[in-house]
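Asks: My questions concern the predicted model and sequence given below.
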Amino acid sequence: MSETKKEYCLSCLENLFEKYKDNEYMLQRINNHISFILPNTLENECKNYEKRQNLNTYLSEEQQIFMQVFLSKNNYYYLSNSGFYYEYNGKDYLIVKEDDIIHKSLSTISKERILLQWKHRTKINIIKQIKERSLFTSIPETDTIQNVLNVIYPSFFISKNSAKYFLTIIGDNILKKNTQLIFLVSQKMKQFLNELDNLSIVSISINNTTNNFMTKYHENHSYENCRLIKINENFNNDVWRDIFKKIGLNLLCVAAHYSKRYENSDKFIENKADDELKSYTYYIKNTNESIIVDEFCEKYIHQDISTTEFKIEWKNIHFIWKQFLSTNNLPNVIYSNTLKTLLKTKFLYDENSDSFCGIISKYLPVYKDFIQFWDETIIHSPSLDFDNEIEIDEISYLFKQWSKTKNILSEENIIKILKHFFLTEIIEDKYVLNITSTLWNKTYDIEQSIPFIKQQIMNIHKLSLICFDDLYNYYKIYCNNHSFRFIVSKRFFEKYLYFKFSEYIVYDKFIKIEWIHNFE
């Protein structure tokens, strides 16, 4: 290459000499340029070039140091699928704008001044490096991890290891691991999972983060791929939307970190879980239909082959089965027809009465008593005028009063019985609509108290309006004075007022005093 340049330069000189061969002045000028001007020019250019090279080398080294220090002090990350930039401040993960990162980098450069000549080049390289740092390569600090765990345990999960296991599953889903697994969870977890999926879509643009969580087993699911997750059933679903707004991104990042740390959720169970968690998680994986039914029969059914006098109807067996599942926090992984078929291989079955003979269950008497109580004392009373209702805790107390053995059923079990055996409308798992009880006429009690309430108002109140709270207090005084066993709730009392005296009600919670004179 150098020889070619040399030949080219000599050729140019020859051309110049040839061009001016008859011009002595120009020949002298060529000689002066070659002898004096060109060497000085080249010497200066060489020195300037070396200066530029040295400066570039220096600035390049300074740029590398600056970016290293800047990205060390400012933990910025990026996700290409979302197009979002993220910052981790050692406590919380935050979504940040590219403009904010650029402003911070340029401000830092201007402050330190060394890279002023290269500030735009440095800014571009910083953004490029950040785009190569996936959010899920970050490692959360201990405080961040503990804050996330403290939010979901013990409020949501019954043990810290259960919480870690759940986070590892979410991390696996984010990073696309163990996609064949199915996680069977309580129906109560559905809203929580929906909120978590929405959070994932909004903050990291990954959907279906919880798509392998199922509240119902399907026959297409292989037992081998099924895992169980136990939660604290008493948690409050309403608080999670606000909680996710505060720690949601932290939770997702900790989840991804756990997935990498423990490799995957199954490896976590195998290497980190205690025997109880491992046994429960793998219960479906390590069993089959026959083993589950055998366990149910062993714990909930007693067989007496000496007599066929004892019988349990299939619908009652099915209810006891649900109790077995509920008590052991198990999903219903056996369809009812399959369960019935398996039971027929174990016990004598009477087709005519749809009953299994020669068996009893200690779990059935109290349920049978409740069903008898319901049939004898509860009346369905749908009305176009006034919607009667009885609260679950009131039903529980009525049953206790009715039962000769003083059996007590939890409110949860009462709801299960009502949903299984009766066509009832239950709202908020608290109110059973369109029913009345022969043991307690709620509206009659209120009506009996009205004259007393009016008298109290006439004796005490001078204002034109009386608030509902005062009316309800007078009602309770009347009930106590007359030794009533039951007192209606404030909700029902106000519901009755709206129905009966609506024309006198103002401002939602007040009744006009003329009510006591105009309404008999």
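Replies: It's in.
Asks: longest helix anywhere in this structure?
Replies: For the chain, the helix that runs over the most residues, judged by DSSP state H, is helix 38-73.
Asks: after it comes which helix or strand?
Replies: As assigned by DSSP states H and E, the chain's next helix or strand after helix 38-73 is strand 75-79.
Asks: Give me the angle between that next one and helix 38-73.
Replies: Counting by axes from the mean of the first three to the mean of the last three C-alpha atoms, to 10 degrees, strand 75-79 lies at 90 degrees to helix 38-73.
Asks: Show me the contact partners of the helix or strand sitting right after strand 75-79 along the chain.
Replies: For strand 75-79, the succeeding helix or strand toward the C-terminus, using DSSP H and E, is strand 84-88. Around strand 84-88, the neighbours that count as contacts under C-beta atoms under 8 Å, 6 or more residues apart in numbering are 74-79, 93-98, 101, 130, 135, 138, 140, 203-205, 249, 253. Just so you know, the C-beta spots here come from the backbone N, C-alpha and C atoms, and that holds for glycine as well.
Asks: Partner strands of the helix or strand that strand 84-88 is followed by, with direction?
Replies: Toward the C-terminal end, the helix or strand that comes next after strand 84-88 (DSSP H and E) is strand 93-96. On the basis of DSSP bridges, the sheet neighbours of strand 93-96 come out as strand 84-88 (antiparallel).
Asks: average model confidence for the partner strand?
Replies: When pLDDT is averaged over strand 84-88, the result is 96.
Asks: What of stretch 127-147?
Replies: Along stretch 127-147, the predicted local confidence has a mean pLDDT of 94.
Asks: which of the residues in that stretch are buried?
Replies: Of the residues in stretch 127-147, those with enough neighbours to count as buried (16 or more other C-beta atoms under 10 Å) are 127, 130-131, 133, 135-136, 138, 140, 144-145, 147.
Asks: List the buried residues of stretch 461-472.
Replies: So for stretch 461-472, counting by 16+ other C-beta under 10 Å, buried means 466, 468, 470-472.
Asks: Tell me how the protein divides into domains.
Replies: Taking automatic domain parsing as the domain assignment, the ranges for the chain are 2-51, 56-136, 142-281, 289-360, 365-437, 442-518.
Asks: Could you say which of those is packed most deeply?
Replies: For the domains of the chain, the largest average neighbour count (mean count of other C-beta atoms under 10 Å) is found in domain 142-281, namely a mean of 18.
Asks: for residue 360, what are its contacts?
Replies: Taking C-beta under 8 Å, 6+ apart as the criterion, residue 360 is in contact with 301-302, 304, 310, 312.
Asks: In CSV, list those residues along with secondary structure and pLDDT.
Replies: Formatted as CSV, the contacts of residue 360 follow (DSSP: H, G, I helix; E, B strand; the rest coil; pLDDT from 0 to 100):
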residue, secondary structure, pLDDT
301, coil, 90
302, strand, 85
304, coil, 70
310, coil, 77
312, strand, 88
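Asks: about what we covered before: on contacts alone, who are the packing partners of the longest helix of the chain?
Replies: Counting by 3 or more C-beta pairs under 8 Å, 6 or more residues apart in numbering; DSSP states H and E, the packing neighbours recorded for helix 38-73 are helix 98-112, helix 119-131.
Asks: let's see 7 Å
Replies: Contacts of helix 38-73 with other secondary structure elements, assessed using 3 or more C-beta pairs under 7 Å, 6 or more residues apart in numbering; DSSP states H and E, are made with helix 119-131.
Asks: what's the helix or strand following the helix it packs on in contact with?
Replies: Reading on from helix 119-131 to the C-terminus, the next helix or strand found by DSSP H and E is helix 142-152. Outside helix 142-152, the residues that touch it by C-beta atoms under 7 Å, 6 or more residues apart in numbering are 91, 160, 163, 243, 247, 250-251, 254.
Asks: and what of stretch 461-480?
Replies: With contact meaning C-beta under 7 Å, 6+ apart, stretch 461-480 is reached by 445-446, 449, 452-453, 456-457, 487, 490, 493-494, 497, 506, 509-513.
Asks: Alpha carbons of it, in CSV - could you do that?
Replies: The C-alpha coordinates for stretch 461-480 follow below in CSV (Å, rounded to 0.1, in the frame of the first residue of the first chain):
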residue,chain,number,x,y,z
HIS,A,461,-86.9,14.8,70.5
LYS,A,462,-87.6,18.4,69.7
LEU,A,463,-86.1,18.6,66.2
SER,A,464,-87.9,18.0,63.0
LEU,A,465,-85.7,15.1,61.9
ILE,A,466,-84.7,11.9,63.7
CYS,A,467,-81.7,9.9,62.5
PHE,A,468,-81.8,6.2,61.9
ASP,A,469,-79.2,5.5,64.6
ASP,A,470,-81.6,6.9,67.3
LEU,A,471,-84.5,4.8,65.9
TYR,A,472,-82.4,1.6,66.0
ASN,A,473,-81.2,2.3,69.5
TYR,A,474,-84.8,2.7,70.7
TYR,A,475,-85.6,-0.6,68.9
LYS,A,476,-82.8,-2.4,70.8
ILE,A,477,-84.0,-0.9,74.1
TYR,A,478,-87.5,-2.3,73.4
CYS,A,479,-86.1,-5.7,72.6
ASN,A,480,-84.0,-5.8,75.8
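Asks: one step back: what about the longest helix of the chain, average pLDDT?
Replies: This predicted structure assigns helix 38-73 an average pLDDT of 75.
Asks: now that helix and helix 119-131, what's the angle there?
Replies: Computed by the same axes, to 10 degrees, the angle between helix 38-73 and helix 119-131 is 40 degrees.
Asks: gap between the residue nearest the centre of the chain and residue 254?
Replies: To find the centre residue of the chain, average its C-alpha atoms and take the closest one (C-alpha atoms, centre = their mean): that gives residue 192, at 3.0 Å. The gap separating residue 192 from residue 254 is 16 Å, by C-beta to C-beta, to the nearest Å.
Asks: can you put the contacts of helix 142-152 in JSON lines and add pLDDT?
Replies: Written out in JSON lines, the entries for these read as follows (pLDDT from 0 to 100):
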{"residue": "91", "pLDDT": "95"}
{"residue": "160", "pLDDT": "92"}
{"residue": "163", "pLDDT": "94"}
{"residue": "243", "pLDDT": "80"}
{"residue": "247", "pLDDT": "88"}
{"residue": "250", "pLDDT": "96"}
{"residue": "251", "pLDDT": "96"}
{"residue": "254", "pLDDT": "97"}
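Asks: which pair in those residues spans the largest distance?
Replies: Pairwise distances across those peak at 20.2 Å for 91 and 160 (criterion: C-beta to C-beta).
Asks: In this structure residue 188 contacts residue 233, no?
Replies: Yes. Distance between residue 188 and residue 233: 6.1 Å, which falls inside the contact criterion (C-beta atoms under 7 Å).
Asks: what's the spacing between stretch 122-138 and its chain's center?
Replies: Offset of stretch 122-138 from its chain centre (C-alpha atoms, centre = their mean, to the nearest Å): 30 Å.
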